[in-house]
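[1] give me the fold of what follows.
(chains A, B, C and D)
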Protein chains: 4
Amino acid sequence: MATTHEAEALITSHDPHHPANLICELCKKFYTLGWVTGTGGGTSIRDGERIYIAPSGVQKELMKPQDLFVMDYATREYLRRPPVLKPSACTPLFMAAFTLRGAGCCIHTHSKDAVLVTLLCEAAGTDVFEIQKLEQIKGIPKGYGEEKKGNLGYHDRLRIPIIDNTAHEEDLKDTLEGAIKQWPDTHAVLVKRHGIYVWGKDVAQAKTQCESLDYIFQLAVEMHKLGLPWIPK
Amino acid sequence: MATTHEAEALITSHDPHHPANLICELCKKFYTLGWVTGTGGGTSIRDGERIYIAPSGVQKELMKPQDLFVMDYATREYLRRPPVLKPSACTPLFMAAFTLRGAGCCIHTHSKDAVLVTLLCEAAGTDVFEIQKLEQIKGIPKGYGEEKKGNLGYHDRLRIPIIDNTAHEEDLKDTLEGAIKQWPDTHAVLVKRHGIYVWGKDVAQAKTQCESLDYIFQLAVEMHKLGLPWIPK
Amino acid sequence: MATTHEAEALITSHDPHHPANLICELCKKFYTLGWVTGTGGGTSIRDGERIYIAPSGVQKELMKPQDLFVMDYATREYLRRPPVLKPSACTPLFMAAFTLRGAGCCIHTHSKDAVLVTLLCEAAGTDVFEIQKLEQIKGIPKGYGEEKKGNLGYHDRLRIPIIDNTAHEEDLKDTLEGAIKQWPDTHAVLVKRHGIYVWGKDVAQAKTQCESLDYIFQLAVEMHKLGLPWIPK
Amino acid sequence: MATTHEAEALITSHDPHHPANLICELCKKFYTLGWVTGTGGGTSIRDGERIYIAPSGVQKELMKPQDLFVMDYATREYLRRPPVLKPSACTPLFMAAFTLRGAGCCIHTHSKDAVLVTLLCEAAGTDVFEIQKLEQIKGIPKGYGEEKKGNLGYHDRLRIPIIDNTAHEEDLKDTLEGAIKQWPDTHAVLVKRHGIYVWGKDVAQAKTQCESLDYIFQLAVEMHKLGLPWIPK
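    You can find the predicted model right below:
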């Protein structure tokens, strides 16, 4: 672990784009959107060899840089650990996005519309959410690497895998990693009756994808109420 | 009653964590969430031997520390009484949470989703709201004391008792106390066609539980509209 | 009309409780609540012999004291008229609440839930909205005068008359006045497919009643979707 | 292209009514309304011979004047082009409103209720959204020119044409121009499964019309859920 002075320097900056400030700003916004209500959800940013992580069990809209954990990417050791707080149970899941997909930011929300979509899929007996022909689908990347550059098109089908929830959040690690491998193009995994994990190469990409997906989930729930199919005939 | 000077000192502080400032801050937030619309709802904090209580019949989002009542916990006498305001009719109900459950903060909201849940339970002929297998249930404590430490698990069933409403809020005291005794683990009681009382050992716990419950009520109402059962088969 | 200097003095004050500042503050809040979207709605305050009125056709959330009209109560002459703006077509309707009911503030919103309630009543063939046994009904006054002091009780039935809409807002005057006389206890009149007029003895009463009613309309619409009757059997 | 100094002067002003400041302010508001979530949507203002345009693919609520493109109206050449950003794919569509209808401001949103309305119309087999007898219809202009001065009346039928979506936004140009010509009175065109384009002679008119339409779409979706027809019998 770093000296106290070094540890404090890791989260101290006047730059609003510093990861420690960005995480707090994002969590405030997510609280307003209803995604991290009642200490739910979490966010992590990878900044080179450092991983910044929001703590467990705190009021996300009141979070301050002092509340953050900072981990060394290579050694997985904490460079900074606020004494009274618990590390996020999402940590191994954030790490999966960083290591398996080279993500720079990973967001976990308890979005109600994400949960409802998993319930509707459960009732329909499927573990993939699929929707087609909505402009906002163009907010989601096609996949990874050179041959999958750019975002999905309007006519492409968006598919988000859904994994079962577990009693303990850290136990989602294996199935989340499994879903990431089984769905090599995906930038998000839904967790049944729980929420969603979304990642992107940087904060802007992770956050705007998370917004685009939530917008699509909201539409999907309303479409279901109105008797409109997710895949047009 | 305290001297005027002492009474003013009770509610005067630059510390945002002082109970007089916290209650105002909470009520502003609850107004934004639609929980204390049109002077509805209320909040009380116990700070050692002092009970801070939001007054009756005021616009909760405009409330100032000067508007608060302060009561002595042991004698139930007001240490501070704003001359033009009426004490909250919720006072005996807040006291029930403080005395019977050792709460440090008690929140009463008129949340629309809480009301709808009581109406759906009424229509179903039950006086207990029950739901299972939602991650957010983990935001609610298991019960009280050493053997019930920690929060409910994902597989546990959340049960919130519902009591009948009365013409006068103070008349809820006996049935609320009855529900607290009948449901020794509960941290909340729903009031039919009215709202909810939620408490916790401190402000953070009471507020985040209140948020978690409201999140669950919102989901429950939407699930009902979508034909999804609250208890999975 | 007053001299320019006198006219400006009427709307210039650092006191946030001055009617010119209050109207702007209220309209900002109403915009956030979705009640005065797209220049809809309006608000008026009676301050002794002066009537302050929000202008027609402006973005209500951007309104400034300089945009307000001020009218003399006795003579109905404008003491202040912003040169480029049009007086509100609601003016005769606000005056009805001031003269017939001694109101101190009258609010007109285009609340979507108010409109939906009028549509549901229209479909049910009734021109009165009626609901019973909701705690928030206690936010509405019983009537006028000594023998009707205080607010409705939980068991009382809330009744709000609905009048037909007209092509021109000012033409609502006769039917609104008719409804006020036919329903001598009412503090509000719904306008079919249009919105609501709500008044109270002062700003706080008018605004909190408007909020309580809108809360009740939101519940009523949701109850209808969930198949729950407005009057319990 | 202008010199760097001239280009910067185009977007630098302390006046909140300067187009560069107005666009940023509008986009922040639209983000809060859920209209430009996840980099969706866009806005353009014509100020004499200059066209100000929000860039593509950015977080609209964080946009700054420095992010804006400025185009010369006559030559269609960029007077200012932020080096790292892409011009909006909506640009030819904004230009259609400026050239064919003399608009001063054009707004493109991904409003969920606009999308739902296009889906409901699609399901009903029509490519025109039609609704009648809602007060808010009076927020929409009758048409263009002297003989169509003023806004629609309460009894008038509001008609908004719906065009098919295309894979690439710029390919909407021909059908949008076609709809504008086929519907010479319209101030808006809905795009199926995508959103809406709304314009007006200035920012206030475009923005308040956009709000009025969205209010109407929200009502239309709720009316459909409640079994209430858009055109009263």
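[2] tell me how chain A divides into domains.
    A:1-88, A:111-232 (the TED database).
[3] count the neighbours of the closest residue to A:Phe94 other than its chain neighbours for me.
    Nearest residue to A:Phe94, sequence neighbours excluded (CB to CB, 6 or more residues apart in numbering or on different chains): A:Ser44, at 3.9 Å. Bear in mind the C-beta positions are built from the backbone N, C-alpha and C, glycine included. Taking other CB atoms under 10 Å in any protein chain shown as the criterion, the count of residues near A:Ser44 is 29.
[4] who's in contact with whichever helix or strand A:Ser44 is part of?
    Secondary structure assignment for A:Ser44, by DSSP states H and E: strand A:42-47. Here strand A:42-47 makes contact (CB atoms under 8 Å, 6 or more residues apart in numbering or on different chains) with A:19, A:22-23, A:26-27, A:30, A:36, A:51-54, A:56, A:60, A:73, A:88, A:90-91, A:94, A:98, A:103-108, A:203.
[5] inside helices: which ones of those residues?
    Counted as lying in helices by DSSP state H, out of the contacts of strand A:42-47, are A:Pro19, A:Leu22, A:Ile23, A:Leu26, A:Cys27, A:Phe30, A:Thr91, A:Phe94, A:Phe98, A:Val203.
[6] please, where are all the helices along chain A?
    For chain A, helices defined by DSSP H occupy the ranges A:4-10, A:19-32, A:91-101, A:112-123, A:173-182, A:203-225.
[7] for the ones you listed, which one sits closest to B:Ile160?
    Evaluated over those, closeness to B:Ile160 peaks at helix A:112-123, with 18.4 Å, by CB to CB.
[8] how far out from the middle of the chain is that closest one?
    Relative to its chain's centre, helix A:112-123 lies at 17 Å (CA atoms, centre = their mean, to the nearest Å).
[9] what about that helix, near chain B?
    Yes: residues of helix A:112-123 are located near chain B by CB under 8 Å from any CB of the partner chain, namely A:Lys112, A:Val115, A:Leu116, A:Leu119, A:Leu120, A:Ala123.
[10] spatially nearest residue to the fifth one (excluding sequence neighbours)?
    It stands for A:Leu120. Distances taken as CB to CB, 6+ apart place A:His224 nearest to A:Leu120, at 5.8 Å, with adjacent residues excluded.
[11] what distance do you get for the residue most central in space within chain A to A:Arg46?
    Nearest to the geometric centre of chain A sits A:Ile107, at 2.5 Å (CA atoms, centre = their mean). With the distance defined as CB to CB, to the nearest Å, A:Ile107 ends up 13 Å from A:Arg46.
[12] dump the residue contacts of the residue in chain A that chain C sits nearest to.
    Taking CB to the nearest CB, chain C has its nearest neighbour within chain A at A:Lys225, 9.2 Å off. For A:Lys225, the contacting residues are B:Lys225, B:Leu226, D:Lys225, taking CB under 8 Å, 6+ apart as the criterion.
[13] now those in JSON lines, with pLDDT?
    Formatted as JSON lines, these follow (pLDDT from 0 to 100):
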{"residue": "B:Lys225", "pLDDT": "98"}
{"residue": "B:Leu226", "pLDDT": "98"}
{"residue": "D:Lys225", "pLDDT": "98"}
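[14] kindly reformat those residues as TSV containing distance to A:Gln136.
    Listed next are the contacts of A:Lys225 as TSV, based on distance: CB to CB, whole Å:
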residue	distance to A:Gln136
B:Lys225	23
B:Leu226	21
D:Lys225	22
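[15] now for the closest residue to A:Leu158 other than its chain neighbours: which residues touch it?
    Counting by CB to CB, 6+ apart, A:Leu158 lies nearest to A:Ile137, which is 4.8 Å off, once chain neighbours are set aside. Applying CB under 8 Å, 6+ apart to A:Ile137 gives the contacts A:Ile131, A:Leu152, A:Gly153, A:Tyr154, A:Asp156, A:Leu158, A:Ser212, A:Ile216.
[16] the helix or strand of chain A with the lowest mean pLDDT: which residues count as buried?
    Sorted by mean pLDDT, DSSP states H and E, the helices and strands of chain A end with helix A:4-10, the least confident at a mean of 91. By neighbour count with 16 or more other CB atoms under 10 Å in any protein chain shown, helix A:4-10 contains the buried residues A:Ala7, A:Leu10.
[17] for it, packing partners?
    In terms of contacts (3 or more CB pairs under 8 Å, 6 or more residues apart in numbering or on different chains; DSSP states H and E), helix A:4-10 is packed against strand A:78-80.
[18] flag every buried residue along stretch A:26-39.
    A:Leu26, A:Cys27, A:Lys29, A:Phe30, A:Tyr31, A:Gly34, A:Trp35, A:Val36, A:Thr37, A:Gly38, A:Thr39.
[19] measure the fourth one to chain D for me?
    Here the criterion is CB to the nearest CB, to the nearest Å. By it, A:Phe30 lies 13 Å from chain D.
[20] same deal with the second one?
    Taken as CB to the nearest CB, the spacing of A:Cys27 relative to chain D amounts to 16 Å.
[21] likewise for the first one?
    Counting by CB to the nearest CB, the gap between A:Leu26 and chain D amounts to 11 Å.
[22] tell me the one of the buried residues of stretch A:26-39 nearest D:Lys207?
    Of all the buried residues of stretch A:26-39, A:Lys29 has the smallest distance to D:Lys207: 23.1 Å, by CB to CB.
[23] check what pLDDT that closest one gets.
    Looking at A:Lys29, its pLDDT reads 97.
[24] with A:Ala2 instead?
    pLDDT at A:Ala2 comes out at 68.
[25] show me where pLDDT drops low in chain A?
    For chain A, the stretches with pLDDT under 70 are A:1-2.
[26] who in it is up against chain B?
    Counting by CB under 8 Å from any CB, the residues of chain A near chain B are A:34, A:37-40, A:59, A:110, A:112, A:115-116, A:119-120, A:123, A:165-167, A:191, A:193-195, A:221, A:224-225.
[27] switch to 10 Å and redo it
    For chain A, the residues in contact with chain B (CB under 10 Å from any CB of the partner chain) are A:31-32, A:34, A:36-41, A:57-62, A:89, A:110, A:112-113, A:115-116, A:119-120, A:122-123, A:165-169, A:191-195, A:221, A:224-225.
[28] got a list of what A:Pro78 touches?
    Actually, residue A:78 is Tyr. It isn't Pro. A:Met1, A:Ala2, A:Ala7, A:Ile51, A:Ile53, A:Phe69, A:Val70, A:Met71, A:Asp72, A:Pro87, A:Thr91 (CB atoms under 10 Å, 6 or more residues apart in numbering or on different chains).
[29] what's the first-to-last distance across stretch A:131-140?
    From its first residue to its last, stretch A:131-140 covers 12 Å (CA to CA, to the nearest Å).
[30] mind checking the helices of chain A for the one nearest to B:Leu79?
    helix A:19-32 (34.5 Å).
[31] do you know how far A:Phe69 is from A:Ile45?
    12 Å.
[32] so these two - more neighbours on which side?
    Between A:Phe69 and A:Ile45, counted using other CB under 10 Å, the more crowded position is A:Ile45 (26 against 22).
[33] what separation do you get for the residue nearest to that one when sequence neighbours are not counted and chain D?
    Of all residues not flanking A:Ile45 in the chain, A:Pro19 sits nearest, at 4.2 Å (CB to CB, 6+ apart). Using CB to the nearest CB, one obtains 16 Å as the distance from A:Pro19 to chain D.
[34] pretty sure A:Pro19 is touching A:Val70, no?
    Yes: between A:Pro19 and A:Val70 a contact is recorded at 8.7 Å, counting by CB atoms under 10 Å.
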